[in-house]
Each structure stands twice: as structure tokens, then as C-alpha cells.
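Asks: next come a sequence and a model predicted from it.
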Amino acid sequence: MSSALTDLFPHPIVQAPMAGGVSVPQLAAAVCEAGGLGFLAAGYKTADGMYQEIKQLRSLTGRPFGVNVFVPQPEHPGAGTGAAGTAGGAASHAAAVDLYAHQLAGEASWYETELGDPDGGRDDGYDAKLAVLLDNPVPVVSFHFGVPAREVIDSLHRVGTFTLATATTPEEAVAVERAGADAVIAQGVEAGGHQGTHRDVPETDGRGIGLLSLVAQVREAVSLPIVAAGGIMRGGQIAAVLAAGAGAAQLGTAFLATHESGAHALHKQALTNPLFVRTELTRAFSGRPARGLVNRFLREHGPYAPAAYPEVHHLTAPLRKAAARAGDAQGMALWAGQGHRMARELPAGRLVEVLADELAAARTALPGAAAGGAGR
């Protein structure tokens with residue numbers, strides 16, 4: 001990758017930002033110190049919470065790191081309009097959320113908790129977080145769930161921040177390039193957690209593109225450097241995406257199981273527990289497609305969950321927390337990529353070293369892989 005991004009870290013290994021308390025400063029610092037690019041996840045945090053984590057990370061490492069921000073979601077159909085048709089869409093949307101809340105009433109009773117407020121906010125403190133990142137610049141900022149406005153990208157560039165945004169299709173990658181971002185994260189359908197689609201269109205559920213095919217298509221669609229994400233667990237897979245045209249690989253599930261990860265112990269154990277044999281994309285926990293281990297909650301509620309993010313996320317948050325407190329993995333959101341059974345319980349820094357060694361071995365076996373990502 002001929003860009004300033006890979007100049008920031010020796011190994012083409014990026015630790016994915018995993019919201020919900022997984023990507024803690026200790027994890028990001030360990031990855032950075034080992035020669036990868038560690039990331040903090042600002043999603044679901046307040047602007048001050050993000051700032052405090054940045055301060056903590058800076059006390060743990062002097063190396064470059066990244067912060068990931070969620071792009072605000074558009075209002076539901078008809079919001080803020082007077083047109084009868086669109087107002088009807090808004091009413092239908094609200095009715096779908098209300099119906100799902102009724103379906104979850106038994107879960108609330110079982111876990112002895114209340115459902116969350118579906119109207120708990122749509123923008124995730126976006127403007128306040130951008131203000132912090134402009135006042136206290138960090139080396140890298142990435143965006144998920146869409147593309148920020150051109151002026152946002154430009155303002156980050158002015159303070160010396162390298163910018164990326166996720167794309168799940170070649171068309172989304174073109175939008176990332178047009179917005180002025182420095183690089184694109186090509187996220188394959190294999191990836192754990194939320195798909196970073198720019199528009200949440202239920203009709204496209206289940207039509208995601210596999211990572212290797214996506215990297216090849218994105219490489220032909222844009223001239224931006226590519227970071228490949230989705231199901232990567234071994235150094236040989238990193239070599240494969242580099243050969244396909246990426247300049248670096250982003251790994252989430254692989255780091256979820258590490259010692260420094262902030263994931264719940266049950267979540268870590270579930271990755272390799274024979275009880276959880278597969279993953280599935282679901283709207284059950286958040287209202288947006290996200291890949292997780294198939295458990296009871298996902299099986300029972302996934303087919304009925306509406307396309308309503310972040311309303312469903314707010315609605316189920318107390319249930320997920322109560323399940324974790326009760327030690328019940330069957331009620332938790334066990335985000336994981338398709339390679340979850342290959343997770344290794346290692347210190348994060350050691351995992352970076354192992355992946356780098358595996359990558360070097362793969363490049364030796366297949367010399368073409370060493371130069372496959374050059375120039376993009």
C-alpha cells in the first residue's frame with residue numbers, strides 16, 4: 001500500500017475497533033507496541049468517554065493508533081415531514097419497533113429487567129466526538145455505517161489525521177473516495193459484528209460479497225489504498241488479501257479472544273465452544289445486520305426483528321447486560337466472524353507476532369504474495 005497509513009506501523013495488521021467495551025486501551029496499546037495498528041471504538045460511548053480512553057491509550061503507548069466513529073443514521077421513513085405517504089412510513093416504522101418490544105416482553109420478565117428506550121438517540125454523539133478529535137488530533141480516524149461529509153474529512157486532514165471509511169460494495173467504495181477519505185476498509189460478508197453498509201436496505205439482507213471478491217472489485221473501482229476486513233484469523237489469509245490488492249488486513253474476532261480484550265469471558269469462551277457451531281447475520285440485537293454466534297436469542301428473535309437501528313439496539317441493551325450478569329451466553333450478542341473457531345487465546349502483542357511470522361512464511365511459500373498489494 002503506497003500510502004501514509006502503512007508508514008505508521010511495521011506490520012500490515014490492523015486491530016478492528018469493536019464497540020461495546022471490547023477495544024479497550026490496553027488491547028490497542030498492546031497491538032501498537034507489537035507493530036500493528038491498534039484501534040479504539042468510540043461507538044456507544046460519550047464524547048468524554050472516548051476522550052478519556054484516548055488519554056489512557058496515550059499513556060500506554062507512544063505509537064500511532066486509530067479511533068473509530070459511527071456515522072449518524074438517517075431518520076426513519078417520513079421523520080420530520082408532513083407528506084402523508086412518508087408520515088405513514090414513519091408510523092409503520094414506529095409500529096414495527098413497538099411490535100418487537102411486545103415480542104421481547106418475555107425476555108425482560110425472564111431477566112428481571114426493563115426494556116430500553118428505543119428513542120435513546122440516533123447520532124451517537126457524533127458532533128461532540130468530532131469536536132474532541134479536532135481539538136485533540138489522533139493519527140487515524142475511521143468511520144462506520146456511512147461516509148462523513150466532505151468538510152468533516154477535510155477538517156480532519158487539516159489537523160493531520162489519516163481517514164478511512166468502511167465499504168461493503170464497490171459502489172460504497174466509490175462514495176468513500178468521492179468524500180476524500182485516504183483509504184477504504186473493504187468489509188466482506190464474513191466479518192463479525194455490524195456490517196458497515198451505508199444504507200440499511202432490508203431487501204439486500206444476505207447478499208453480501210465475500211472478502212476476496214470484494215477486494216478485487218474495490219481495487220478496480222477506486223484508486224484508494226485498501227484495508228481488507230472479514231473473517232481473517234491467520235497470517236496466510238493476510239497474505240491472500242495482500243495478493244488480491246489490499247495493503248493491510250483488519251482483524252476483529254482474532255483479537256476478541258486475546259488476554260487484553262475487554263470482551264466478556266463468556267463471549268471469549270463461546271468462540272471455540274462446540275455449542276456454538278456457526279454464525280449468522282441478524283437484526284435481533286440492534287436492528288441492523290450484524291454477524292454473531294447463533295444462540296437462543298438470535299434463533300428466536302432474529303426472524304422477527306425489524307430494520308430499525310438504533311432503536312432496536314437501545315431496546316435490547318438492558319436485556320444483553322442482564323444476560324451477561326446472569327452468566328447466560330444464550331441471551332448475549334456474541335459477535336463473531338466466520339473464522340471464530342480459529343481464535344487463539346494469546347496476549348495481543350504475541351498474536352501480532354504470530355500473525356507476522358505466518359505472513360512471512362506464506363510470502364516465502366508464494367513469492368507473488370509479497371508484492372501483490374503494491375501500489376494500492
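Replies: Perfect, I can see it now. Residues are numbered from 1 along each chain as shown.

Asks: what about the strands in the stretch 151-300 of the chain?
Replies: Remark: strands assigned in the stretch 151-300 of the chain by DSSP state E, counting those that start in this stretch are 162-167, 183-187, 193-194, 226-229, 248-251, 279-282, 290-293.

Asks: need these in JSON lines with mean pLDDT, can you?
Replies: Compiled in JSON lines, the strands of the stretch 151-300 of the chain are given as follows (pLDDT from 0 to 100):
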{"stretch": "strand 162-167", "mean pLDDT": "98"}
{"stretch": "strand 183-187", "mean pLDDT": "98"}
{"stretch": "strand 193-194", "mean pLDDT": "98"}
{"stretch": "strand 226-229", "mean pLDDT": "98"}
{"stretch": "strand 248-251", "mean pLDDT": "98"}
{"stretch": "strand 279-282", "mean pLDDT": "98"}
{"stretch": "strand 290-293", "mean pLDDT": "98"}
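
Asks: now render those as TSV, adding mean neighbour count and distance to residue 46.
Replies: Bear in mind the C-beta positions are built from the backbone N, C-alpha and C, glycine included. Shown next, in TSV, are the strands of the stretch 151-300 of the chain (neighbours: other CB atoms under 10 Å; distance: least, CB to CB, whole Å):
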stretch	mean neighbour count	distance to residue 46
strand 162-167	26	22
strand 183-187	30	24
strand 193-194	26	20
strand 226-229	30	26
strand 248-251	29	25
strand 279-282	20	27
strand 290-293	25	22
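
Asks: need those strands in JSON lines (columns: distance to residue 127).
Replies: Putting the strands of the stretch 151-300 of the chain into JSON lines (distance: least, CB to CB, whole Å) gives the following:
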{"stretch": "strand 162-167", "distance to residue 127": "17"}
{"stretch": "strand 183-187", "distance to residue 127": "23"}
{"stretch": "strand 193-194", "distance to residue 127": "21"}
{"stretch": "strand 226-229", "distance to residue 127": "26"}
{"stretch": "strand 248-251", "distance to residue 127": "26"}
{"stretch": "strand 279-282", "distance to residue 127": "30"}
{"stretch": "strand 290-293", "distance to residue 127": "25"}
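
Asks: out of those strands, nearest to residue 115?
Replies: When those are compared by CB to CB, strand 279-282 sits nearest residue 115, at 18.1 Å.

Asks: mind listing the strands that closest one pairs with, and their directions?
Replies: Partner strands and pairing direction for strand 279-282 (DSSP bridges) are strand 290-293 (antiparallel).

Asks: and the residue nearest to residue 287 when sequence neighbours are not counted, backbone torsions?
Replies: Leaving aside its sequence neighbours, residue 287 sits nearest to residue 312 (CB to CB, 6 or more residues apart in numbering; 3.1 Å). For residue 312, the backbone dihedrals are phi -70, psi -40 (criterion: degrees, to the nearest 10).

Asks: residue 335 now?
Replies: Per-residue torsions, residue 335: phi -60, psi 140 (degrees, to the nearest 10).

Asks: mind listing what it touches?
Replies: Applying CB atoms under 8 Å, 6 or more residues apart in numbering to residue 335 gives the contacts 18, 20, 192-194, 253, 256, 267, 290-293.

Asks: of the residues you listed, which is the nearest to residue 208?
Replies: Closest to residue 208 out of those is residue 291 (9.3 Å), distances taken as CB to CB.

Asks: which one of the contacts of residue 335 is nearest residue 365?
Replies: Taking CB to CB as the measure, residue 365 sits nearest to residue 253 out of the contacts of residue 335, at 24.6 Å.
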